[in-house]
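K.L.:
no sequence on this one, just coordinates:
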């Protein structure tokens, strides 16, 4: 079909049919197959209401070409309409405004104003667009995704959580995916390939030219959470024996420096790292100073195999904006910039918080129910084991429970107080371990202190709970037993809160993930058995 | 006393006495009062072992002056000893080494090798030294603190948690505190004043010169967690109508640019913000380009009252290294650099994780036991209220519990499964709220999805737990009742996990803090009452 061919009658019929039945998704699918000329012709054959509805399905990328081919009067009316009606005060630039962009986009989609949704996405930065896409249910997400500006989808992909990125990348055609990848920096491309399933990832790798592919393969060979995984290779390097004037001339030839260039890397003839030349020093130097005299040779480079946690700590300790990454023999490999470090800090903290509830931070909030349910059931299953462990402890004391029903009423109080006291110590120790502020060097001192806290709070709450129990059930014995049980459980809880993370770590398990569940098992078992055990001994 | 005066006999006696009794702290206190000449003379009158012990108490700052005054043979021996013995392979630069600096410092203090501990601190960056200080029990911390290089204590104070900073600042004399403050950037000084109690803070404020005091007072007037609280006023501003060559000449006059200068701020005659001139652009421009032509006028400044969370999000979305801060009328007030943003992100995530356990992230890990116990008891008290709420629910069903003891055994299983399922949804929603990815725009879609997950997992675990219960207690009825109770509790739990954070937020309460405790109350109450209620209905 060329632009001159009239729109096939079937096309026109199927559009009006889809419009009549409110099937806007079908309308958009048909429109995608049409040339601007055909769309323009089609628009002119519709009534006014239909015209507006069809127009709302057209992205702002196709708009100019179609407008140019329309009758001027119609073009003007459509444009006027969209300017006026799309945003009546919503989403203005006022930061105080309470309008939720999620609601605006979803209402626009619901009302068939597809163009409006696209315009909102067009106004956002890639990371904001990614966050907004993630906030949409999967169907709506896809319908936006298939029409987003192809020049931006690469950047948006990079900012999406892995699961969302993988599923949206698979919705692209091979050609679209390759086009998106072409817009990316190498380090972002590496991240994208790592997020994709093997097939499309490999295809992406094979699609880049040979020189770049070698670099990509090198970068992919480093662990994702290492300095090598965080680095990019867009640094500018200069030699120490040249003059500042020559460096400035060289930079002027480049015209545009890579983003986040705050320093140049100084290397020797063999590309071995010698130090850095800060731009802030460069601009205050004289043209005939030697680089050697104004460079900072003390500025340490990062080893390519350093973990990303260590990299983050170095950036924070030294307040760095960027740092060189070198191989074991000192060869300059690339650089890490602070924006990527910041993302990695954010990712780590998100992973820790989500991990405590047994959730995966890279998972899609709107993944299919079955997928999400299956994922979450793992954690529920682990909990069931500890819950039955606690139940079996209670089961040992059925005799006592049959005789004194008050025990059944009060036993959750003992377990839950221990759980809270233990989780406080656990949280403190997990943070200390992560920051390197708790280790064998001070664990004994911490133990003494935590035992003190556990005992003090144990006595305090033992007295209080005992008093309540005595008043409630009118039995002095129950008061003694529950008070003693609470004291025992609180002391065991702080001990467990201190030791569990240390032991888990020794076995290579992340204490932030498994710590609270193991702790809960301990405080439940100790709480139930001490309370019911003491009751069996003294009250029966 | 002048350097020529011989050391008073009492001084010498009290040193040998303190040495004999192993009171090294007293030795150090006496040494602090002595001049280098007196110390040298004293050293020469001691036996070899005493000499070494006294020498180990002397910081490396006083060392050179004393060494110069000693007999050459003695000086050489002492120096040789310290070089050799202080570090036998510990703490080498090998990053793989497993030696804990905490342990090394504490062992050195224990063994009376005070100098060694100080040398370790001397090798660390301010932030690392602060972290290490925080890892020491309070007594050891103080004995290090009183001898740290006075040029560094300001920087170290800034990196300490508030409570630790306040207590260590109070150990300084007024003169020491003022000297420390003089070394600080204004933004760090503001942080320090905010961390200190009112008295010393005010004194610090009054100690700076009038011009600086006005700036300080201005900066103190902004909330700590706002753009104004994060900003510094060390930016360099230029006018748009000058030439690049003049800017470069001006910068060369400054010689040294403030840390983290990646861009200059462009202002008009009234100091109103016009845009930024990046150094990376500056170095690629021609000397007779106008600033106007090479500046970036699109680069948005931050409003001084923006919250620090918003600032962090802007920095992340736009990958910024620094940004201008402006007042409402567009006047340039200062700039925020990415290192401070990174600290604020780290602080926020730490506050969230600690807050979930009812802990204060600025508190001292080694605060006195009584202080810590009192702080933690608040959270335990809140928990006790919810625990008694759950107990009172159980109390309603004492009749059922008396007749069927299996109910008491199994009831914690129902409550705990609900707690886990609810906390998964809660965590997901709290993260979504924090990132702006959950709001009224998609809460219904999320509700549908979470109810689906809750129902699916509810059915799965209901069947499984019912089967175990039937096998355990040989009663089909108990199986039905516990299965149904688990299904009900899991569905209520995801509902509560979704709604509680939304409701708390509406009332201005941070859902990350109170969310899990409220959730636990709901899942306990629903779990116990549904299980025991169904049992009363069907089994009795």
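P.N.:
That came through fine. This structure is a prediction, so every number in the text was calculated from the model and none was measured. Numbering: from 1, shown residues only, chains lettered A, B, ... in the order given.

K.L.:
Okay, now the unreliable bits of the stretch 51-200 of chain A?
P.N.:
Along the stretch 51-200 of chain A, segments meeting pLDDT under 70 span A:60, A:81-98.

K.L.:
Give me every residue in the stretch 51-200 of chain A that's in contact range of chain B.
P.N.:
A:95, A:100-106, A:125, A:127-128, A:131, A:134-137 (Cβ under 8 Å from any Cβ of the partner chain). All C-beta spots, glycine's among them, are computed from the backbone N, C-alpha and C.

K.L.:
ok, of those residues, which come out buried?
P.N.:
A:100-102, A:104-106, A:125, A:127-128, A:131, A:134-137 (16 or more other Cβ atoms under 10 Å in any protein chain shown).

K.L.:
Those residues: which two are farthest apart?
P.N.:
A:125 and A:137 (22.6 Å; Cβ to Cβ).

K.L.:
Report the two of the residues of the stretch 51-200 of chain A next to chain B separated the most.
P.N.:
Going by Cβ to Cβ, the pair spanning these furthest: A:95 and A:137, at 26.9 Å.

K.L.:
ok so, going back, in helices only, show me the residues of the stretch 51-200 of chain A next to chain B.
P.N.:
A:101-106, A:127-128, A:131, A:134 (DSSP state H).

K.L.:
Looking at those, which is nearest residue B:30?
P.N.:
residue A:127 (60.9 Å).

K.L.:
what residues are up against residue A:68?
P.N.:
Taking Cβ atoms under 8 Å, 6 or more residues apart in numbering or on different chains, we find residue A:68 in contact with residue A:36.

K.L.:
roughly how far is the strand or helix carrying it from the heart of the chain?
P.N.:
Secondary structure from DSSP states H and E places residue A:68 in helix A:63-69. The chain centre lies 39 Å from the centre of helix A:63-69; the measure is Cα atoms, centre = their mean, to the nearest Å.

K.L.:
and that helix, which residues are buried?
P.N.:
Result for helix A:63-69 [16+ other Cβ under 10 Å]: buried residues A:63, A:66-67, A:69.

K.L.:
Pop the domain breakdown of chain A in here.
P.N.:
A:9-225, A:230-356, A:369-539 (automatic domain parsing).

K.L.:
out of those, deepest packed?
P.N.:
Among the domains of chain A, ranked by average contacts under mean count of other Cβ atoms under 10 Å in any protein chain shown, first place goes to domain A:369-539 (a mean of 21).

K.L.:
Can you give me the separation between residue A:136 and residue B:140?
P.N.:
Between residue A:136 and residue B:140 the distance is 55 Å, computed by Cβ to Cβ, to the nearest Å.

K.L.:
nope, residue A:486 is what I was after
P.N.:
Residue A:486 is 33 Å from residue B:140, by Cβ to Cβ.

K.L.:
Leaving out chain neighbours, which residue sits closest to residue A:191?
P.N.:
Using Cβ to Cβ, 6 or more residues apart in numbering or on different chains and skipping residues adjacent in sequence, the residue nearest residue A:191 is residue A:158, 6.0 Å away.

K.L.:
which residues sit in contact with that neighbour?
P.N.:
Residue A:158 neighbours (Cβ under 8 Å, 6+ apart): A:126, A:130, A:165, A:184, A:188, A:191-192.
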